[in-house]
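Undergrad: pasting the structure only:
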């Protein structure tokens, strides 16, 4: 039994006509959402244009999360860090640790809001196929026969919206 799952940290982001995913991150005194910058548009957006929502499960209503500030926005490196106003899940967010290096063939899970159905999150099981310690990045592949192709749509269309998803490694049931 896994005690905390990727779904608990997944959020949907809508901004400037773009829809993507993000991951909740706990700081020492506040909370953040980390995402791909292109989920927010081509240039740093206005805070009021960013709509972040979270579900407690894939069929529940969305709860709004308020953006307090944009701490980082780098379209070239494709990342953004948003400080958020987030209550009630302090304990949940302190149940994981942030990884600093990646091992090949490690199973990981990610969860996001796909382009084909961005009204509910979906988790994906995958594994790391290669990594670059120098550039602090890795590539993954889906496992267990999973694919992005669904309902006759190509994987490229279905996977839209998954950018910004957090990736999780499970060890010792957590």
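TA: Nice, I can see it. Owing to the predicted nature of the structure, the values given are computational and were not obtained by experimental measurement.
Undergrad: can we go C-alpha only for contacts and neighbour counts from here?
TA: Noted.
Undergrad: any idea where the helices of the chain begin and end?
TA: 90-93, 155-159 (DSSP state H).
Undergrad: Which one of these has the poorest average confidence?
TA: The weakest mean pLDDT among those belongs to helix 90-93, with a mean of 56.
Undergrad: Any idea how many residues pack against residue 141?
TA: 16 (other Cα atoms under 10 Å).
Undergrad: residues contacting it?
TA: Contacts for residue 141 were tallied using Cα atoms under 8 Å, 6 or more residues apart in numbering; they are 126-129.
Undergrad: ChimeraX command to pick out the buried ones of these?
TA: ChimeraX command restricting the contacts of residue 141 to the buried ones, with burial defined by 16 or more other Cα atoms under 10 Å:
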select :126,127,128
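Undergrad: with the contacts of residue 141 in mind, which one is nearest to residue 86?
TA: Comparing the contacts of residue 141 against residue 86 with Cα to Cα places residue 126 closest, at 29.2 Å.
Undergrad: what's the closest one in contact with, if anything?
TA: 107-110, 140-143.
Undergrad: Quick check: closest non-adjacent residue to it.
TA: Leaving aside its sequence neighbours, residue 126 sits nearest to residue 142 (Cα to Cα, 6 or more residues apart in numbering; 4.1 Å).
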